[in-house]
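Visitor: I'd like to go over a predicted model; first the sequence, then the structure.
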Amino acid sequence: MDANPSQLDPAALPRHVAIIMDGNGRWAQERGLGRVRGHEEGANSVRAVVEEARRLGLTHLTLYAFSEENWGRPGAEVKALMRLLKRFLKKERDDLAAKDIRLNAIGQLARLPEDTRSELERTLAATAHCGGMVLTLALSYGGRQEILAATRELCARAARGQLDPAALDEATFSASLQSAGLPDPDLMIRTSGEQRISNFLLWQMAYAEFIFSPLLWPDFREAQFRAALAEYAGRQRRFGKTGQQLAATSKPKGGRARG
Ligand code: IPE
Ligand code: IPE
Ligand code: MG
């Protein structure tokens, strides 16, 4: 399936796409290369997909770049990933700002090495004024850890008498997560054929549409991204209702047919 931007109905585009960028290691191994070469090539897919998302007018893109569990990989690979991340943050800074893309980050950022973290801070600051699209990088991120941190904070507020537990609602809980202010993802794409969520945005993806691509992340570029968006546009999101109820409201498929 191929689709060019002109074939994508803007009304049926997702507002927020979240991607589990998986398969860099296998891409390299298939070519007899070291895993780090796969991560380098994966960075080119990041650039391609970010640019395409912006061109198409998506407002939110979230990329799972490093999980809390990825700290358990061999030290040399972790080091190489941090170095690559640092290089990416520096190299793309001006380009992100020029494209009006605001960088955002979620995860246990304090765990990042000092030099990577300061490069991140600089790019966050350099793009803080941008309003075209929010690009969120999930770094040292874990959905369960995020939910626990929010729960701890809410419990502390309740213990201080600043929050009535009976009044705690979904909006308040969402606002306590690191993703506060981001709409829930409409579409989650995972590459590499694995069909699991791997601790990504557990709370936020309650009603996301999932697309699992067999392609390895370095092979996932603009055309494959557009094809995923076209597939999403054909989905009917029911949010618990019946197909007939939704047909009666005549809202577009995919997109924002909430409620
Ligand atoms: C995804 O590719 C990148 C990160 C998790 C950092 P992998 O490195 O997981 O690649 P595979 O799954 O081993 O092929
Ligand atoms: C998920 O990929 C994390 C990222 C893409 C950053 P993994 O390769 O770490 O996931 P599992 O371990 O196969 O579930
Ligand atoms: Mg993997």
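Guide: Cool, got the structure. Ligands and ions are numbered 1, 2, ... in the order given.
Visitor: Every contact and neighbour count from this point should use C-alpha atoms.
Guide: Will do.
Visitor: who's in contact with Asp186?
Guide: Applying CA atoms under 8 Å, 6 or more residues apart in numbering, one finds that Asp186 lies in contact with 14-17, 205, 207-209, 255.
Visitor: With adjacent residues omitted, what lies nearest to it?
Guide: Distances taken as CA to CA, 6 or more residues apart in numbering put Ala208 closest to Asp186, at 4.6 Å, once the chain neighbours are dropped.
Visitor: which residues sit in contact with that neighbour?
Guide: Counted by CA under 8 Å, 6+ apart, Ala208 has contacts 184-188.
Visitor: sec struct for the residue of the stretch 51-200 of the chain found nearest ligand 1, please.
Guide: Closest contact between the stretch 51-200 of the chain and ligand 1, by CA to the nearest ligand atom, is at Phe66 (4.9 Å). Classification of Phe66 by DSSP: H, G, I helix; E, B strand; the rest coil places it in strand.
Visitor: wait, what's in contact with it?
Guide: By CA under 8 Å, 6+ apart, the contact list for Phe66 reads 138-141.
Visitor: Those residues into a markdown table, with extra columns for pLDDT?
Guide: Listed next are those as a markdown table, based on pLDDT from 0 to 100:
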| residue | pLDDT |
| --- | --- |
| Ala138 | 99 |
| Leu139 | 98 |
| Ser140 | 98 |
| Tyr141 | 98 |
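Visitor: which of those residues are buried?
Guide: Buried members of the contacts of Phe66, counted by 16 or more other CA atoms under 10 Å: 138-141.
Visitor: Which members of the residues you listed define the maximum pairwise distance?
Guide: By the measure CA to CA, Ala138 and Ser140 form the most distant pair in those, at 6.7 Å.
Visitor: what do these two both touch?
Guide: Joint contacts of Ala138 and Ser140 (CA under 8 Å, 6+ apart) are 66-67, 107.
Visitor: Which member of those residues is positioned nearest Gly38?
Guide: Out of the shared contacts of Ala138 and Ser140, the member with the shortest distance to Gly38 (by CA to CA) is Phe66, at 14.4 Å.
Visitor: What pLDDT does the model give that closest one?
Guide: With respect to pLDDT, Phe66 scores 98.
Visitor: same thing with the one 5 residues further on?
Guide: The confidence metric pLDDT takes the value 98 at Trp71.
Visitor: Likewise for Asp2?
Guide: Asp2 is assigned a predicted lDDT (pLDDT) of 48.
Visitor: Which two among the contacts of Asp186 are spaced furthest apart?
Guide: Met205 and Gly255 (14.8 Å).
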